[in-house]
Every structure is written in C-alpha cells, then in structure tokens.
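Colleague: task: produce atomic coordinates for the following.
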Amino acid sequence: MLGLKVDRLGLDLDRALGEWGEALEAARGGLLARKGLPGSLLGWMDLPEDTETLRAVRRYQESLDFVEDLVHIGIGGSSLGAMALEEALGEGRVRVHYVDHVEPTPLRLLLDRLDPRRTLVHVVSKSGTTLETLSAFALFLDWLKKSLPDWKRHVVVTTDPTRGPLRRFAEEEGLASFPIPEEVGGRYSALSPVGLLPLAFSGADLEALLAGARMANRVAGRPFGENLPLKTALIQHLAYLEGRTITVFMPYSARMRHVPAWFVQLHDESLGKVDRQGQRVGTTALPALGPQDQHAQVQLFREGPKDKLIVLVLPLWDEPLAIPQGPGLPGFLAGRTFLDVLQAEAESTEEALAEAGQRAYTLTLDRVDAYHLGWLLQHLMWQTAFLGELWGVNAFDQPGVELGKRLTLERLEKGGRFP
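Modeller: Numbers count the residues shown, from 1 in each chain. Sure, this is the predicted structure:
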C-alpha cells in the first residue's frame, strides 16, 4: 500500500483535518463538480479504467517483432512520465531513447548508433504543434525514409484524437496511432498511450500499473481521515501558509530517479499561477534523490532557510541483498541488508530535519513495482488537483508556457538569432 508517516512533521494533522474540513470538502466538491464538463481537463481521473486502450497498446506491441530500439520523441508531459515509469519498471526488452531536447550533437550521436531496421519511432504531442518535437521528428522521419522502403511500419504517433498536424499526417500516411484523450492534459497523461506504449515495449506490467492508479482514485473518495491525497494537500497548504515556498521531492530509490522531474513539472506548471484575486501563488518543487543528496542538498535543507517542506518517498521492501564483510566496514554491518541501510538513512534524514525545525514527512511504498508506482503517480495528481482548489487556481492550464511557445515561434519566423 501507499502510506503516510508524519510523526516528525511537527503538525497535529488530525486536528488540522478537523479545522480545515469545510475547506477540504469544498475543494473536493468543486473539483468533482466539474468532472465531465468540456474543457475541464479532468479526464486523467478516468485513465486507470481505460482497459480498452491498454489492450490496443498490447496488440500493437505484440504485432511488431523487429523492435530493439524505441525512440520516444516528446517533451515535458509527453516525455517525463514515460521516462519515470520506464526507468523504474522496464525489464529491458528494448532500449528506449528519449528525445526531449534539440541539442544537435546528441541527436546526431543517437542516429549514428541506431539501426533503422530495428528501430521504432514514437512521436508524442497532444497539440501536434510542439516545435521541439516536430523538429526532432522531422529528423528521424527523414532518416527512416532514406533508409527503409517500409518506413511507415517504423513510426507510431500519439496525439490529439481528431485535430492537429500530427493527427492529419498519421491519417494521410496510414500510420499506426493512438489518441491522447481530449480531456487529458500533457502533464497528466502518463497513464495514457503516452506512457503505456514505451512501457509495453520495455516489458512493464501495465495491468498492475493501472490497478494501482485505480486504488488511488478510490482513496481520493474516502473520508478525510482515510483520504491520503487530501491529507498531503493539506500538509502542503499549511506549509505554504507558513511561508515554506519550496517543496522538495526526494525518493530513496535509484529506480525512481526520474520521478522527481515528473513531479516538478506536475506541481510547478499546475500551481504556479495568478489566482482568482489576481495574486501570484504557488510553491517551487525541487528534485532530490536519497541517499545521494544526503551528501549534497541535505546540508542546505537542514541548516538553510526554513522555507522548505521535504517529502521523502521510501520503499519498505526490496530483495534481501546482504552486505558481506569488507575493508573499513563497521563489524555490525556484516549480514545486514542494503535495504536496512537505505531505510536507516531515510529515517535519519527525517529526524535530522525535524531537529532543525524543518518540516518533513514520508510517503511509504510497500515496494517499488508497477502497482505502487501507479498508485503514487495518481495520488500526486489528486494532491495537485486539490491544491489547485485550495489556492484558487486552475491546475490544468499553463498560460505562461503557451506564451513562451508563441514568442519562440515569432522569433524564429523573423529570423532571429541569439545576440
């Protein structure tokens, strides 16, 4: 299961739930009242139930026997969720390469080491107009066309169900394609074909992933005392009211090393907004990884400004790999497991932060597997949606991002270059 440990948080959470009950109920009620309305972008709630799409992805993956390398072209929400899940859950059946940048040298080096006969190119953009994605796709498409007479079999498109240049291109060329549902925004799309397709090719357990996400949905509907995303949203809210404007997300799992980057986009792009009263609101999400960052950022987290809420994520079980005797190791470590060390380090970090007056809590996972990661990601989407209601912002648009896209296109259209 996904659990919450708050014994060193420094807040009486049960009391706070009672005091904030009316506001929390209004937040949940306001959110759910919009579900199903056009433009609400709440379709992410339904993705765990979409077993039809899961089966379609499975059939497509099983129909291709040549794939040794999968090139996933997308940026932001079209890449980060897939990358986080595939890194944690993939079994290495294919090599997955994420093209989420337009730096020329890495693009050329990747092309140089790929065999087009063994490569599948997956291009992902909800709008079908993302400049970086379309530019990279043009490069790989040109490479495939020059290399293979049957290049169309080596391309799959994931985009809007009916609109946009990628949808038109897929239909005109008869390419395999999958839809990103109309009411699902990019940063909430990890459990759509955006993430499911590379996960299918890498050997992940898609059924368990969606089952975990369904559990998160059920928990989000429970009473306050049993409602994990409402609890963590309230903790985030109370920390914000204290002036803690930075949220650190720090899993103690190397397999989860890309989850913080996914969370940063989800949190920052959803919540850094101007609220309904015209005030700028939001906290800044900061990625970290334990235990590595105990030797880097934790010094600042503990003794720096009290402007942070630190969220640790800790697995409770892993394979019992024992530590043998070795030079310089304390004798008491021999025979203990690596998980013992990992958990001790996380507990000690939380204790050290609490002693310094910093706010920290821990999310626990029974283990790092598809079920629990599906639960965790869907939980964090619920948390973000609830925070949007508490802070009076639309957690599903991104006007600042859209402005940047427009200005980039205008500069390139005018022939602009860096001074």
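
Colleague: what helix or strand does the residue positioned nearest the centre of the chain sit in?
Modeller: Taking CA atoms, centre = their mean, the centroid of the chain lies closest to residue 262, which sits 3.2 Å from it. Secondary structure from DSSP states H and E places residue 262 in helix 259-271.

Colleague: confirm residue 248 sits in a helix?
Modeller: No: under DSSP: H, G, I helix; E, B strand; the rest coil, residue 248 falls outside any helix and is assigned strand.

Colleague: specify the beta-bridge partners of it.
Modeller: Here residue 248 sits in beta bridges with residue 286, residue 310, as judged by DSSP bridges.

Colleague: could you measure from it over to residue 383?
Modeller: Counting by CB to CB, to the nearest Å, the gap from residue 248 to residue 383 is 15 Å. From N, CA and C alone the C-beta is placed, and that goes for glycine too.

Colleague: on that earlier part again, separation between the residue nearest to the centre of the chain and residue 180?
Modeller: Computed with CB to CB, the distance linking residue 262 and residue 180 is 16 Å.

Colleague: can you give me the strands in the protein?
Modeller: Ranges of strands in the chain, per DSSP state E, are 2-5, 69-73, 95-99, 119-125, 155-159, 176-179, 246-251, 273-274, 280-281, 284-287, 308-315, 359-365.

Colleague: may I see the buried residues of the lengthiest helix in the chain?
Modeller: As assigned by DSSP state H, the longest helix anywhere in the chain is helix 370-391. By neighbour count on 16 or more other CB atoms under 10 Å, the buried set for helix 370-391 is 370-391.

Colleague: for stretch 166-181, same thing?
Modeller: Buried-residue list, stretch 166-181, by 16+ other CB under 10 Å: 166-167, 169-170, 175-181.

Colleague: what's the answer for stretch 64-74, then?
Modeller: Buried residues in stretch 64-74, counting neighbours by 16+ other CB under 10 Å, are found at 69-74.

Colleague: just give me the closest of those to residue 231.
Modeller: For the buried residues of stretch 64-74, the minimum distance to residue 231 (CB to CB) is 32.6 Å, reached by residue 74.

Colleague: from memory that closest one sits against residue 124, does it?
Modeller: Yes: with contact defined as CB atoms under 8 Å, residue 74 and residue 124 form a contacting pair (3.6 Å).

Colleague: overlap of the contact sets of these two?
Modeller: Residues touching both residue 74 and residue 124 (CB atoms under 8 Å, 6 or more residues apart in numbering) are 82, 133, 194.

Colleague: who are the contact partners of the closest residue to residue 289 other than its chain neighbours?
Modeller: Closest residue in space to residue 289, ignoring its immediate chain neighbours: residue 257 at 5.5 Å, by CB to CB, 6 or more residues apart in numbering. With contacts defined as CB under 8 Å, 6+ apart, residue 257 is in contact with 87, 251, 289.

Colleague: could you report the pLDDT at residue 257?
Modeller: What the model reports for residue 257 is a pLDDT of 97.

Colleague: distance of residue 57 from residue 94?
Modeller: 14 Å.

Colleague: same question, residue 303
Modeller: On the measure of CB to CB, residue 303 and residue 94 end up 45 Å apart.

Colleague: repeat that for residue 243.
Modeller: 47 Å.

Colleague: pick out whichever of those two has more residues nearby.
Modeller: Just comparing residue 243 and residue 94: by other CB atoms under 10 Å the higher neighbour count belongs to residue 94, 22 against 9.

Colleague: what about the protein, any weak spots by pLDDT?
Modeller: 400-407, 409-413, 416-419 (pLDDT under 70).

Colleague: and if we set it to 80?
Modeller: The model of the chain has pLDDT under 80 over residues 398-419.

Colleague: follow-up on the earlier one: so which elements touch the longest helix of the chain?
Modeller: When contacts are defined as 3 or more CB pairs under 8 Å, 6 or more residues apart in numbering; DSSP states H and E, helix 370-391 sits against strand 2-5, helix 21-33, helix 80-89, helix 206-220, helix 228-241, helix 259-271, strand 359-365.

Colleague: with distance to residue 329 added, can I get the ones you listed in a markdown table?
Modeller: A markdown table is the format used below for the helices and strands packed on helix 370-391 (distance: least, CB to CB, whole Å):
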| stretch | distance to residue 329 |
| --- | --- |
| strand 2-5 | 29 |
| helix 21-33 | 48 |
| helix 80-89 | 29 |
| helix 206-220 | 37 |
| helix 228-241 | 37 |
| helix 259-271 | 30 |
| strand 359-365 | 27 |
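
Colleague: please identify the deepest-packed of the ones you listed.
Modeller: helix 80-89 (a mean of 24; mean count of other CB atoms under 10 Å).

Colleague: and the angle for that helix with helix 370-391?
Modeller: Orientation check (axes from the mean of the first three to the mean of the last three CA atoms, to 10 degrees): helix 80-89 against helix 370-391 gives 150 degrees.

Colleague: which other helices and strands contact helix 80-89?
Modeller: With contacts defined as 3+ CB pairs under 8 Å, 6+ apart, the packing partners of helix 80-89 are strand 95-99, helix 193-202, helix 259-271, helix 370-391.

Colleague: repeat that for 7 Å
Modeller: With contacts defined as 3 or more CB pairs under 7 Å, 6 or more residues apart in numbering; DSSP states H and E, helix 80-89 has these neighbours: helix 193-202, helix 259-271, helix 370-391.

Colleague: what residues does the second one touch?
Modeller: Think helix 259-271. Contacts to helix 259-271, defined as CB atoms under 7 Å, 6 or more residues apart in numbering, come from residues 76-77, 80-81, 84, 187, 247, 249, 251, 282-285, 287-289, 380-381, 384, 387-388, 391, 393, 395, 398, 401.

Colleague: might you quantify the distance of that helix from its chain's geometric centre?
Modeller: In terms of CA atoms, centre = their mean, to the nearest Å, the centre of helix 259-271 is set 7 Å apart from its chain centre.

Colleague: kind regards, and thank you for your time.
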